[in-house]
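Coordinates for the following, if possible.
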Amino acid sequence: MINVKKFNFLGGRIIKTGIAVFLTALICQAIGWPYMLAVITAIVTIEPTAADSIKKAFIRFPASAIGAAFAMLYTFLLGVTPLTYMLVAISTIISCYKLRLHAGTLVATLTGVAMLTIVHDHYFISFLIRLATTSIG
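Numbering: from 1, shown residues only. The predicted structure is shown next:
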C-alpha cells in the first residue's frame with residue numbers, strides 16, 4: 001500500500017510574509033513611494049520570529065544604506081553601466097564585511113544594484129526614500 005503524505009503549505013511564516021508584503025506595499029502606496037524595493041526587503045528579511053526580524057533589521061538597515069549610497073555615488077559618477085553594477089556590488093560587499101554587517105550583505109547588495117535602474121536624478125532624495133522604504137519593509 002502506498003502511503004500518501006498530506007502537504008501543509010500554509011504555515012505561520014508564510015502568513016507572516018504575506019501580511020508583511022501586503023502592509024509594506026499598502027503603506028508605500030499610500031505615501032506615494034515606489035514599493036518594489038520595500039517589498040523585496042520585507043521578503044528577504046523575514047525571520048522565524050518577529051523579534052528575530054527586528055534584531056536583524058538593526059543590522060540590515062545600515063547595510064542597505066551603504067548599498068544605496070554606493071548606487072547613488074556610482075550612478076552619479078558613471079551612469080548606469082555594467083561597470084557601475086560591478087562597483088556597487090563589490091563596494092557594498094567589502095564595506096559590509098569590513099563593518100561586520102554580515103547579515104545585511106545580501107539585502108544591501110540587492111538594494112544597491114536594484115536602485116541603479118530606478119534612479120536617474122534627485123540622488124539624495126532617492127537615497128532618503130530608499131532608506132524610508134527599507135524601514136517600512
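
in the lengthiest helix in the chain, what counts as buried?
Using DSSP state H, we find that the single longest helix of the chain is helix 50-78. Residues of helix 50-78 classed as buried by neighbour count (16 or more other Cβ atoms under 10 Å): 53, 56-57, 59-75. Where C-beta positions appear, they are placed from N, C-alpha and C, glycine not excepted.

which element follows that helix toward the C-terminus?
helix 82-98 (DSSP states H and E).

Which strands and helices lie in contact with that next one?
Helix 82-98 makes packing contacts with helix 50-78, helix 105-115 when contacts are defined by 3 or more Cβ pairs under 8 Å, 6 or more residues apart in numbering; DSSP states H and E.

so is residue 118 in a helix, a strand, or just coil?
Reduced to three states with DSSP: H, G, I helix; E, B strand; the rest coil, the structure at residue 118 is coil.

Show me the shaky parts of the chain.
Counting by pLDDT under 70, the chain contains low-confidence ranges at 1-11, 120-121, 137.

Can you pull up the most central residue in it?
Centroid check for the chain by Cα atoms, centre = their mean gives residue 41 as the closest residue, at 3.4 Å.

so that one sits right up against residue 133, yeah?
Yes: applying Cβ atoms under 8 Å, one finds residue 41 in contact with residue 133, separated by 7.2 Å.

follow-up on the earlier one: let's have the helices and strands packed on helix 82-98 in a markdown table, adding distance to residue 31.
Listed next are these as a markdown table, based on distance: least, Cβ to Cβ, whole Å:
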| stretch | distance to residue 31 |
| --- | --- |
| helix 50-78 | 18 |
| helix 105-115 | 18 |
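
tally of neighbours for residue 135?
Summarising burial for residue 135: neighbours were counted as other Cβ atoms under 10 Å, giving 12.

mind checking how far it is from residue 48?
As judged by Cβ to Cβ, to the nearest Å, residue 135 and residue 48 stand 21 Å apart.

Taking helix 105-115 as reference, get the angle to the longest helix of the chain.
Relative orientation of helix 50-78 versus helix 105-115 (axes from the mean of the first three to the mean of the last three Cα atoms, to 10 degrees): 40 degrees.
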